[in-house]
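> Sequence first, then the predicted structure:
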Amino acid sequence: MTLFQATGLQKRFGARVVLENITLGIEEGTVHGIMGPNGAGKTTCFHLLTGHHAPDAGSIVFAGRNIAGLPPHRIARLGIARSFQIMNLFDDTVVIENVLLALPAFKAQTGRIFGNGFADRTLIDAALAVLDMVGLADSAWSKTKSLSYGNRRALEIAVALAAEPRIVFLDEPTSGLGVEATRALAALIRRLRTRYTICLIEHDMRFLFGLADRISVIHWGQVITEGTPAELMANKWVARSSLREAV
Amino acid sequence: MINLSDIPPKGGSPFILPMAAFLVLLVAAPFLVARFGLYHYLAIEIAIWIIFAMGFNLLFGYTGLHSFGHGAYLGIGAYAFGLFQHNVSISLWGGLGAALLAAMVAGGFVALFLSHRRGIYFALLSIAFGQIFWFSSIKLHRITGGEDGLLGIPRPPLQIGDATLALADNRIFYGFVAALAALVVIGLWRVVNSPFGRVLQAIRQNEMRARFVGYDVWRWKWLAFTISATFAGLAGALLAMAQNSAYPDVMSLHQSGLVVMMVLVGGGLVNFWGPILGVLLYFLAREVLGGLTETWLLWYGLMFVVMVMVRPEGLAGLIGTARRREAPVPPARIVETTP
Amino acid sequence: MTRMLEVRGLRKIYRRGLLDRTPTFQLSADFAIDEPAIVGMMGPNGSGKTTLFELVTGSNAPTEGEVLVQGRNIHKVRTDQRDRLAIHYHQSYQVRHFRSYTPNLLLDAAGSAYPLVHLFDEPQFNTQDGYIGFMLDFFRKLRAQGRLVFLCVHPNERFHLEIIEEICERFIFVQKGTVTALDTFDALLAHEPARAYLGTLLPGARP
Amino acid sequence: MQSILPHLINGLTLGLLFALIALGFTLIVGVMEVINLAHGSLFALGAYFALTTISGGPLATSEFGQWWLTFPLGTRYAVAALVGPLLAGLVGALLEVCLRPTYGKASLYGLLLTFGAALVLEESIRLAWGAGEQNLRTPGAITGAMLIGGMIFSTYKVYAAGFAILAILCVWLFLEKTPYGAIIKAGAHDSEMVRALGYDLGRLRLFVFGFGAALAGLAGIVMAPIWGLRPHIGLDVVIPAFLIIVIGGVGSFWGAVIASLLVGLSVGLTGAFVPAWSMVSMYILLILIVGFRARGLLGRKSALEN
Amino acid sequence: MLNSKINRRNLLASAAAGGVATFMGPWTHNRVLAQGAAKPIMIGTTTDASGQYANSGADERRGILMAIEEANARGGLLGRKLVSTHIDTETTPATGSRVAERMIQQEKCGFLLGGVHSGVANAISQVAQKYGVIYFNTNSSSPTEAGQNCHRVKFVWDGNGTNFAKAAIKNSINAFGGTFVLLTNDYVWGHDTARTTKKQIAEFGGKVLEEILIPQGTRDFTAALIKIQQLKPSIVAAAIGGDDQKALRQQVAQLGMGNKPVWLNNQQDWPDVYGLPADNLFGVFGTTWYHELTLPGVKEFVEKYKKMYPNEAIKVPGNVFYNGYMAARELFAAIERAGTTNNIAVIKALEGHVMKARDRMQHFDAMIDARTHQVQQTIYLATANPRPKDKDDLFALLAQAEPKDVVDLDAPAACKLESYEATPTFDA
């Protein structure tokens, strides 16, 4: 079943058309990859899909509902979570608070102006469980700032997962990571794919080819081709490239 | 930046040392001012400004919205209180209610415009609205008494059940203001540590992230502004009682700038208690330096400049740095102490 | 039937200055392409390829002559809609900068929702990352959808020529402002200025 | 029926003078993203320094002072118009040095530091020159009045407006047509690039701040004969400058100029028809414009939004 | 100038008195006071040292200090020394309120003197009334001070807008014609003054073409001046105060509009005009005193000022200084008449008291109106001096009006003084 379907998206910034006729569908329970060279419009595309920008034309249907033009918090509450390429965390606080703030159970009680946001043991446990999923349970009470680069990436993902989303958008999760951390991240995503639908923007094609069920290639602000890793690999020029070793 | 309220071991419980120290100070203030050769009225003014500054810091320090026109809501509270006494009835609770409501409505209206703005545009719009309120308070002199102020505002007696307590005497009135200040500070302490307060702080730290986690940031900013304007209205009503008048000057840019200065010097950006330290420092500096030299503002200004240069976290930051050298609380204990 | 693209008596003359009217550079072109196709374009640096692209997309005004895309004179189309007729891709992004001294109100609508002519200005071909294959797929897809694709390449490796041979059906060679249309790859290889330009990359030549 | 034309002229003149006032402010905001709340105090300082230069100040009774006072007012005024901005520029440069610890922190700190500096400067002026009103004398040639279309206009104001146009053009040419301008603009957009190009960013900032302060001082000298001169005049100056920047859009030179003219027109026209509301009209203008256009008329993205 | 040497000396002297109290605390202070029968009488000078009226505040304070020094030179009052203390009221009402509280509660002042800004004066008088401390509003000329905002403990020493309008309008209509444009500062004082002016204009057959409201803080008057040119009145009656007035004066002078139409300004306070070029002083305006009055005692008074304040920027005493001095002197005289510092006794000694013209160096006797507590005094009309004797001789006096001719007849109805019983007793 197609969980998420974007059709004919267009985005202009002033006189510049950044995205043109973007169409992509994401099947429930799959990992969908978006790749493309630098400056091709991947991140803008991501911003459109997650509601940071509203498209000028086209529709985005999520679980049967057109979400194009909805504000980000509404989209988030519908079950779409995302991470950021430039790391975007609540930096002045402790690790677990980042996750807590994203938990639906916490959001349900933000109307409470008295009392302690962290007195509820079940909330803490839920947050710890999410952190555990990404391997950060031990650092739960450390300062967010003190996390290593790789752990911050993991926390980005944890924050996205804490919202109990149906689909998770991850924006270049490997950027800046070393070989070891990238491998750990790939393992993490493999574990997650059983529970979530995932859309990944990636620069690192080997990483993507190893993980994704389908891949859309974006260049010049358009989807220039789309297919399973195997289909894409069938092209003789692709086969000639270093990608061949990835699969 | 340091977190405003590092997750406290007893999260939001008011039974903590600084709170105790504050309450003791509040109770002892009338005796202390006398001991240092100062006067009761000063203690009243300080307690009122503590209410104002603490409410302001919910917006400024906790939500990270830099309003430079908050004096307006102080003034609106004062006028509303006075007008209620003059035109409706001499009633303490009625007047306070009117002041809170007026400041809340005014703040809520302005916040409609401000909540979508950020940074300098937010600051500037807050100034513009503040100036318009200030200007109107002078312009509508038939209602407000213009720049002479709204005079002859009584201090209605405090009535709780059948008991009545006259507030005309400064000492008794101080007791009333101090009690309110204590309530406000305890209340705010609970608020900033509550889920509600957590979200405000999250918005300060990263507005975009908060939005993508699913918070309607616009509405939260609106709420924070309106609430802090309401606190300003309370302070304004008390100020009107203290001075038996409401003056437009408190609404001027200069006064709005002063509260920013106090909050910052005290360390409101990094610490819950910062605004209180800032208010104390300002008023004591004014009384002591002001008694010695007419150019005391020059010295206060210099101190402020140096502070921003070398210690932008303010007084509380200074104390905080000293305290952070101690070992951090083990995380396990934090979880365990929460019931 | 309207022609896909018609470049009719197009001339662009750059002069030294406002007073000194000595021409510093001249470009003239006159060709037509009737059907959707993938057209390879080559020529030495400074020969006028980019100027020709700009003239075709309407971002540069010709001294004389006209450019008709599906029968519409692109220089008479509203500037904000010219990219619906022809679009210029520069390496990894799209160029959409148009200049016109006539207000948009007085100009025509494009009458198309998606560009008809796609001009790719030296896309980065790198055998390592595999994008060549995706790009070629894209060119083919466009052609299949009835678009005209221009591919400007500056071959400096042999596989560049391989790409051109694989994908291009027609060719245009630009040399010192002169535009020559060539119908087949063999015609290109037979064209003397092209031979000189390609030099060591030519099949059979020693690398 | 009163003619509206003189009021339009007056509004535009006022707008040009506002532009002159805002010029240094917009330069500093554009390049350094610092809201310089001490701008008004530097404005006052420029005029006060000029005042002292013309009168000889503490040296008036010395031999040098006596010799200096033998020069005609015009000469002394011209020298003062150089000395005033120069000294104001030096004070500005000093302020920039004080600002250095705040770079890289939230823009709030720069704003607060200059707020404190404004306090200090104003009190210092009070100490040095007294709290009273001062009168900056201008040469006879540019005083008096002239008749335009049957209406009397202040000759000085016409000169001042002309001077404002000249100053705006000079600053614009400097920014657009000189290599220094190019570097300054680069600094405004991308401080990394300035570093990469091998320019000393510290020196650039020092220069820009000093230059902006000098422009403020110059505006002070031009405006003092119109507005009068007193220690707290800074507040009358910095608020319009601030408003203009925001209405025009942070970082936009022409945005600031257009905003100045708009503010001038709104103050001038309300002054004619609903005078009681003329002072508040600029705030209403701000709310109208920024209420609809988040970044003012021609603003671009700026660190000051955070 | 505020901070020149002589002033600073006084400042330090008072700081020494007040400052000691600040540091030792009132206990020490009180113990000293309790011991000696000769405890000093504390006089609080509530004058502005910053803000819009800083300059005037400094001038009236000099007058008060001179009167105190004179009294101390004579051995004090009732055998007690006079000690003055000063806190800046910042031309801000809220500050006035606080300063008054501090003066009374902390500095134990028995009497407060000083006030230019009517808002500040009101703030101080409310506090003073609460404690029963006598307050002299020395220089605020808002008609409401002796009208709706009067208090039993407050005495208003300056001539007010009504007095000046009454002195000026009739003469001006006869001399220059009857069409008026009013320039009114858009706040209480401006409106009150304009109201009286309009009433006077109507009474004497003049006509108001238009009233132009000028917001406070206006720096550019061109729009108003253009309108005046378009309306062509014979007289512009301006009630513009403080900094706005200064800016207006410069702009009118620049346009050469100072002579036609005729400008009727309300009172021109000496510190506001001192040192300005002669062409800035156009039009007709009022004052209560001038240092070139040819009356006995004036010369000696001016000499005394010059001796005491040789380094001031203002070289001769003006009306603001004069009011400060006279107010303090009359207060001390009243204390001596009463033979006590008890507030009610002193108030009664002041009410209705007639001050001889000769003592006050004015043309007519003055009287403290028992109904409004305003001093009814001679009002002078002046204009810029075309033939000054020296650079301080700015005014040419045109006429003097008798107090009875300029008295505000509506004030007693508006003024509701608190009863003696409702006024707390206070003994300094």
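Perfect, I can see it now.
> And what about whichever residue of the stretch 301-428 of chain E sits closest to chain D, helix, strand or coil?
Nearest residue of the stretch 301-428 of chain E to chain D, counting by CB to the nearest CB: residue E:313, 6.0 Å away. In this view, the C-beta of every residue, glycine as well, is placed from N, C-alpha and C. In the three-state summary, residue E:313 is assigned as coil, counting by DSSP: H, G, I helix; E, B strand; the rest coil.
> Quick one: list the elements packing against the host helix or strand of residue B:138.
Using DSSP states H and E, residue B:138 sits in helix B:119-139. In terms of contacts (3 or more CB pairs under 8 Å, 6 or more residues apart in numbering or on different chains; DSSP states H and E), helix B:119-139 is packed against helix B:71-87, helix B:92-114, helix B:253-266, helix D:107-129, helix D:233-248, helix D:278-292.
> From what I see, residue E:209 and residue E:235 are in contact.
No. Taking contacts as CB atoms under 8 Å, residue E:209 lies outside contact range of residue E:235: 10.0 Å.
> Which residues are in contact with each of the two?
Residues touching both residue E:209 and residue E:235 (CB atoms under 8 Å, 6 or more residues apart in numbering or on different chains) are E:179, E:180, E:181.
> what's the helix or strand for the last one?
Put plainly, it is residue E:181. Judged by DSSP H and E, residue E:181 forms part of strand E:179-185.
> How many neighbouring residues does the nearest residue to residue E:326 once chain neighbours are set aside have?
Excluding its sequence neighbours, the residue lying closest to residue E:326 (CB to CB, 6 or more residues apart in numbering or on different chains) is residue E:360, at 6.3 Å. The number of residues packed near residue E:360 is 22, by other CB atoms under 10 Å in any protein chain shown.
> Kindly report the same for residue A:86.
Neighbours of residue A:86 under the rule other CB under 10 Å: 9.
> Could you report the pLDDT at it?
At residue A:86, the pLDDT value in this model is 73.
> I'd like the helices and strands packed on helix B:119-139 laid out as CSV, including mean pLDDT and mean neighbour count.
Below are those laid out as CSV (pLDDT from 0 to 100; neighbours: other CB atoms under 10 Å in any protein chain shown):
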stretch, mean pLDDT, mean neighbour count
helix B:71-87, 96, 28
helix B:92-114, 96, 21
helix B:253-266, 88, 24
helix D:107-129, 88, 23
helix D:233-248, 87, 26
helix D:278-292, 86, 19
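> got JSON lines for these, with distance to residue D:226 too?
Formatted as JSON lines, these follow (distance: least, CB to CB, whole Å):
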{"stretch": "helix B:71-87", "distance to residue D:226": "30"}
{"stretch": "helix B:92-114", "distance to residue D:226": "33"}
{"stretch": "helix B:253-266", "distance to residue D:226": "23"}
{"stretch": "helix D:107-129", "distance to residue D:226": "19"}
{"stretch": "helix D:233-248", "distance to residue D:226": "11"}
{"stretch": "helix D:278-292", "distance to residue D:226": "16"}
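> Which one of these lies nearest to residue A:11?
helix D:278-292 (22.6 Å; CB to CB).
> Alpha carbons only: can I get the closest one in PDB?
Extracted C-alpha coordinates of helix D:278-292, given in PDB (Å, rounded to 0.1, in the frame of the first residue of the first chain):
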ATOM      1  CA  SER D 278       2.200  62.800  14.100                       C
ATOM      2  CA  MET D 279       4.700  61.300  16.600                       C
ATOM      3  CA  VAL D 280       2.900  58.000  16.700                       C
ATOM      4  CA  SER D 281       2.400  57.800  13.000                       C
ATOM      5  CA  MET D 282       5.800  56.200  12.400                       C
ATOM      6  CA  TYR D 283       5.000  53.400  14.800                       C
ATOM      7  CA  ILE D 284       1.700  52.800  13.000                       C
ATOM      8  CA  LEU D 285       3.600  52.700   9.700                       C
ATOM      9  CA  LEU D 286       5.900  50.200  11.200                       C
ATOM     10  CA  ILE D 287       3.100  47.900  12.400                       C
ATOM     11  CA  LEU D 288       1.400  48.200   9.000                       C
ATOM     12  CA  ILE D 289       4.500  47.300   7.100                       C
ATOM     13  CA  VAL D 290       6.100  44.800   9.300                       C
ATOM     14  CA  GLY D 291       2.700  43.300  10.100                       C
ATOM     15  CA  PHE D 292       2.500  42.300   6.400                       C
END
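> No more questions from me, cheers.
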